[in-house]
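any chance you can model this:
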Amino acid sequence: MEMKTKLKFFSDKELDVVFFALSDKNRRKIISVLLRQNLSLTELANILQITLAGVKKHLKVLIDSKIIKQKKIGKK
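Residues are numbered from 1 along each chain as shown. Here you go, the predicted model:
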């Protein structure tokens, strides 16, 4: 049986960034929660029981690693 796959190759640096982002349990929880529903920063902070500043820090790591995308809704 022949199997064809399309693989995207990543540099060591890109992989390091992704694995670093996934190494934290709060960031993994954010991913898990956001896969089910979109939430505000305040809602994420309440679920994780951390400060808004902590949520923003974790989101920046996830966004910089391209694991999640940011979508701003509401006030400008």
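
and the helix or strand bottoming out on mean pLDDT in the chain, what's buried?
The helix or strand of the chain with the poorest confidence is helix 12-22; it has a mean of 94 (mean pLDDT, DSSP states H and E). By neighbour count, and taking 16 or more other Cβ atoms under 10 Å as the criterion, the buried residues in helix 12-22 are 17, 21. Backbone N, C-alpha and C define where each C-beta goes, glycine included.

same for that helix, what does it pack against?
helix 52-64 (3 or more Cβ pairs under 8 Å, 6 or more residues apart in numbering; DSSP states H and E).

so for the helix it packs on, mean pLDDT?
For helix 52-64, the mean per-residue pLDDT is 96.

got it, and stretch 69-76?
In this model, stretch 69-76 has an average pLDDT of 76.

so that it lines up with my notes, have the first residue be 32 from now on.
In the new count, where the first residue is 32, that last one comes out as stretch 100-107.

what's the offset of that stretch from the middle of its chain?
Relative to the chain's own centre, stretch 100-107 is displaced by 16 Å; criterion: Cα atoms, centre = their mean, to the nearest Å.

then it to CSV, C-alphas only?
Output of stretch 100-107 as CSV, limited to C-alpha atoms (Å, rounded to 0.1, in the frame of the first residue of the first chain):
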residue,chain,number,x,y,z
LYS,A,100,-4.7,33.8,15.8
GLN,A,101,-6.0,36.8,17.5
LYS,A,102,-9.3,38.3,16.6
LYS,A,103,-10.3,41.6,18.2
ILE,A,104,-14.0,42.1,18.7
GLY,A,105,-15.8,45.1,20.3
LYS,A,106,-14.3,48.3,21.6
LYS,A,107,-11.4,49.8,19.7
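
contacts for that stretch next, please.
Stretch 100-107 is contacted from outside by 69, 90, 94, using Cβ atoms under 8 Å, 6 or more residues apart in numbering.

I am finished for the moment; much appreciated.
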